[in-house]
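**Student:** Model the structure of this input:
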Amino acid sequence: MTAPHVAILDDEPEIRRMLSDALEEAGFRTTCYARATEFEAGLKRAQPDVCLVDLGLPDRDGLALVHRLALEQGAAIIIISGRAQVHDRVTGLELGADDYIIKPFDPAEVVARIRARLRKPRAEAAPAAQSADFAGWRAQFDRYVLTDAGGRETPFSHAEGEVLRLFLESPNRLITRAQMQEALGSGAGESFDRAMDVRISRLRTKLGEDPKNPRLIKTIYGAGYIFLGEVRWS
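**Tutor:** From the prediction side, this is the model:
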């Protein structure tokens, strides 16, 4: 089995070297980049399993890059940044990052977070099932696309896809916030709750839901969410 590939984007040579050494010692393959332009060119040659992205980049706005990666790439995205405010963490998660690690950090923590991101989807995803049909929609998780009955396609991010897949794998069952956090990770407390609210809101919008009376993703106040509908995987 090929070792998972981690792409590291950080303009500090010491950070790149420290992360690369720790990850390769833990059995990962790594590729390091100092600039966003080099990083984006590298993505065209090889698709990583995880992207570690610093927000303070010399040639690109880090948050804008994270948002585009979330929409276009299938890799998990973990922000590594010195920005420690709750607002910064929430913004990063809202824009599509899967996790947020604050500098300074212990490399062992980064390795553990990456392992957690790679392990959970593989353990919980339906084997070989990449498409699900429900309520006139088709979700294609290999392409990160929703297709309506008329054939119109709407892209969704990796982070939105994780939430959607969680719902589609447990239709007509209550999913609590604690269960979502256990399954998806992405930090804790206020930042996790806010990120989930945003992702679910965006999914509802893409599914054409009435925000005041959604028919598919129902909020059970004080308990969690229920996805209503029949789901067929293929």
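
**Student:** if I look at the nearest residue to V53 once chain neighbours are set aside, how far off is G74?
**Tutor:** Excluding its sequence neighbours, the residue lying closest to V53 (C-beta to C-beta, 6 or more residues apart in numbering) is L9, at 4.9 Å. (Glycine included, C-beta is placed from N, CA and C.) Separation of L9 from G74 (C-beta to C-beta, to the nearest Å): 17 Å.

**Student:** higher neighbour count, the two?
**Tutor:** Between L9 and G74, counted using other C-beta atoms under 10 Å, the more crowded position is L9 (26 against 14).

**Student:** Could you report the neighbour count for E153?
**Tutor:** Residues near E153, counting by other C-beta under 10 Å, number 11.

**Student:** residues touching it, list them.
**Tutor:** V145, L146, T147 (C-beta atoms under 8 Å, 6 or more residues apart in numbering).

**Student:** Same question for F134.
**Tutor:** Here F134 is in contact with L168, P171, L216, G229, E230, V231, R232 (C-beta under 8 Å, 6+ apart).

**Student:** Check T154 too.
**Tutor:** The neighbours of T154, taking C-beta under 8 Å, 6+ apart as the test, are V145, L146, T147, D148, K206.

**Student:** How confident is the prediction for the closest residue in space to V145 that isn't next to it in sequence, by pLDDT?
**Tutor:** Closest residue to V145 apart from its sequence neighbours, by C-beta to C-beta, 6+ apart: E153 at 4.9 Å. For E153, the pLDDT comes out at 94.

**Student:** Could you give the bridge partners of E153?
**Tutor:** T147 (DSSP bridges).

**Student:** middle-most residue in this protein, spatially?
**Tutor:** Central residue of the chain (C-alpha atoms, centre = their mean): A159, 3.0 Å from the mean position.

**Student:** tell me the pLDDT at the nearest residue to L95 once chain neighbours are set aside?
**Tutor:** Leaving aside its sequence neighbours, L95 sits nearest to H67 (C-beta to C-beta, 6+ apart; 4.1 Å). According to the prediction, H67 has pLDDT 79.
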